[in-house]
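> Below is the structure, and that's it, no one-letter string:
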Ligand code: SF4
Ligand code: F3S
Ligand code: FES
């Protein structure tokens, strides 16, 4: 089959190409199971070597190839051509500065990520056997889903609240915070919850729900944000708030 790509291009270093513009490419001999990323590679390797994009693993793990494909955020390596049709429009994810073609500056995204302290804090002595801090299955189940986040930014850059105000911490950072807030081994929940109570924290989420269907890992992003909102309201002197506890209120 023949597939036409319409790609948003931009190169700030080249006069004439330093404003965003659309360019079309036609590919022949495409099969239904080709991935969008493979076809972007074909365009780059066979037609225009200047086409610029991020990618690494090609298997939906590294999260580097988030793009807006036919108006919806996705990882180019996970989308098959049979799922997007014979006309494919590709543009950079929204809400972050575009550096070149499909590559955006991820620094504002990672700044929000760092602000939620995405690491475990536990100052008690390590267990006597000097090994791991163990969890039971119930405690682990509270965070299993949010540990699947690969920081691809599909959720944050599909969120109208983030488009309107880039200071909003965004759903990805809240998912990462959720992973530690509900981790029974962590001792910093109150600090994290306080940071997320900021005017640009969780309350900027208006439950628009774009983020959840955009997540390539199937994380229930809006639900996780709701649990963090409830935890903030319940924020007690306890170090750890359990999902089961906030659901009681
Ligand atoms: Fe990507 Fe999903 Fe993580 Fe958002 S929650 S950054 S969409 S993996
Ligand atoms: Fe945005 Fe998702 Fe909330 S799209 S407004 S973060 S539910
Ligand atoms: Fe790694 Fe797509 S290239 S997730």
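All right, it came through fine. As the structure is a computational prediction, the values presented were derived from the model and not from experiment. Ligands and ions are numbered 1, 2, ... in the order given.
> Look at the residue nearest to the spatial centre of the chain and tell me its secondary structure.
Nearest to the centroid of the C-alpha atoms of the chain, with distances taken as CA atoms, centre = their mean, sits residue 153, at 2.6 Å. The assignment at residue 153 comes out as coil when based on DSSP: H, G, I helix; E, B strand; the rest coil.
> Could you number the chain from 59 rather than 1 from now on?
Noted, 59 is the first residue going forward, which turns the last one into residue 211.
> Go ahead and confirm it touches residue 167.
Yes. Counting by CB atoms under 8 Å, residue 167 is a contact partner of residue 211 at 5.2 Å. Yep, even glycine has a C-beta here, placed from its N, CA and C like the rest.
> what residues are shared contacts of the two?
Contact with both residue 211 and residue 167 is made by residues 154, 230, according to CB atoms under 8 Å, 6 or more residues apart in numbering.
> Quick check: residue 192 vs ligand 2, distance?
In this structure, residue 192 and ligand 2 are separated by 33 Å, where distance is defined by CB to the nearest ligand atom, to the nearest Å.
> neighbours around the closest residue to that residue other than its chain neighbours, how many?
By the measure of CB to CB, 6 or more residues apart in numbering, the closest residue to residue 192 outside its immediate chain neighbours is residue 185, 7.6 Å from it. By other CB atoms under 10 Å, the residues close to residue 185 number 10.
> Please apply the same query to the one 5 residues further on.
Burial of residue 190, expressed as a neighbour count using other CB under 10 Å, amounts to 9.
> contacting residues for residue 293?
Neighbours of residue 293 in contact, by CB under 8 Å, 6+ apart: 247, 248, 251, 252, 299.
> Turn those into TSV, including pLDDT, neighbour count and distance to ligand 3.
Listed next are the contacts of residue 293 as TSV, based on pLDDT from 0 to 100; neighbours: other CB atoms under 10 Å; distance: CB to the nearest ligand atom, whole Å:
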residue	pLDDT	neighbour count	distance to ligand 3
247	88	22	30
248	89	18	34
251	93	23	31
252	91	12	33
299	49	23	32
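> Tell me the one of those nearest ligand 2?
Using CB to the nearest ligand atom, the shortest approach to ligand 2 within those belongs to residue 251, at 17.2 Å.
> Following the host helix or strand of that closest one in sequence, what is the next regular element?
In the assignment (DSSP states H and E), residue 251 maps to helix 247-254. From helix 247-254 onward toward the C-terminus, using DSSP H and E, the following helix or strand is helix 269-272.
> which residues are in contact with that following helix?
Under the contact criterion CB under 8 Å, 6+ apart, helix 269-272 has outside partners 130-132, 212-214, 216-217, 229, 277-281, 283.
> same check, this time on stretch 61-74
In contact with stretch 61-74 (CB under 8 Å, 6+ apart) are residues 75-85, 88, 97-98, 101, 108-110, 139, 144-150, 156-160.
> Let's test this: mean pLDDT of it, rounded?
With pLDDT averaged residue by residue, stretch 61-74 scores 94.
> cool, and stretch 137-152?
Confidence for stretch 137-152, expressed as mean pLDDT, is 97.
> touching ligand 3 at all, stretch 273-283?
No. Shown here: stretch 273-283 not in contact with ligand 3 (CB under 6 Å from any ligand atom), separated by at least 7.6 Å.
> Run the chain-centre distance for that stretch.
Its chain's C-alpha centre and that of stretch 273-283 lie 10 Å apart, by CA atoms, centre = their mean, to the nearest Å.
> Residue 83 falls within a strand, correct?
Yes. Residue state for residue 83 (three-state DSSP) corresponds to a strand.
> Enumerate the residues of the chain near ligand 1.
207-213, 229-230, 233, 272-273, 275, 277, 279.
> How about stretch 209-219 and ligand 2, touching?
Yes. Among the residues of stretch 209-219, 217, 219 lie within reach of ligand 2 under CB under 6 Å from any ligand atom.
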